[in-house]
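Novice: Next come a sequence and a model predicted from it.
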Amino acid sequence: MFKFSQLKKQPQVYDSQLLSKMQAQFYFRCPLQFRHKYLIMEQKIMEAKKLEHEIYKMKDEDEGWKKLKISLEFAPQNTLNSKFIIIRHALAWHNYFKRVTEFKDSSIYHYDLIDPPLQYLGTKQCDKLKQEINKLDFDKVYVSPLLRHII
């Protein structure tokens, strides 16, 4: 029987210095009509990262993270008669960013939001669900190679 605890944790390939250089290059290459949107997005990402750092310092019993309306508790649906079990990734950084900043302009993109890893609360969601998932009997597991699926 497969156990998720057998999976090895992948190193995070999220090089923030390299991303900063790429962001600077992108800003100067992006069309003039999008530059103001890009600057707003950059500012909102900085605000979201600051809030993420504050959330990271919180303990489970703290109430501050609840203002984001993110649940850490999950109750799996009935899986007894299921041939397939689909598990969506937990809270990734791009989900968190949109929820915190409400920045929804899809006409520009940002390197921090391309293949983002799980956000801190997303890793906590996974930890809370681990015991429930390990009760299930799997024959095969298919996992996306995206960072938010590999913890």
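Specialist: Thanks, I have the structure now. Numbers count the residues shown, from 1 in each chain.

Novice: Run through the chain and note the low-pLDDT ranges.
Specialist: Flagging of the chain using pLDDT under 70 yields the residue ranges 1-31, 34-35, 38, 56-79, 86, 88-89, 94, 97, 99-115, 145-151.

Novice: Could you report the neighbour count for Gly122?
Specialist: 22 (other CB atoms under 10 Å). Backbone N, C-alpha and C define where each C-beta goes, glycine included.

Novice: I meant to write Asp139 there.
Specialist: Neighbours of Asp139 using other CB under 10 Å come to 7.

Novice: Check the gap between it and Leu118 for me.
Specialist: Between Asp139 and Leu118 the computed distance is 26 Å (CB to CB, to the nearest Å).

Novice: And for Lys49?
Specialist: 15 Å.

Novice: out of these two, which sits in the busier spot?
Specialist: Neighbour count, other CB under 10 Å: between Lys49 and Leu118, Leu118 has more, with 23 against 15.

Novice: Mind listing the residues bridging to the more buried one?
Specialist: Ala92 (DSSP bridges).

Novice: is it true that it touches Ala92?
Specialist: Yes. Contact criterion CB atoms under 8 Å: Leu118 and Ala92 qualify, at 5.5 Å.

Novice: any idea which helix is longest in the protein?
Specialist: helix 32-57 (DSSP state H).
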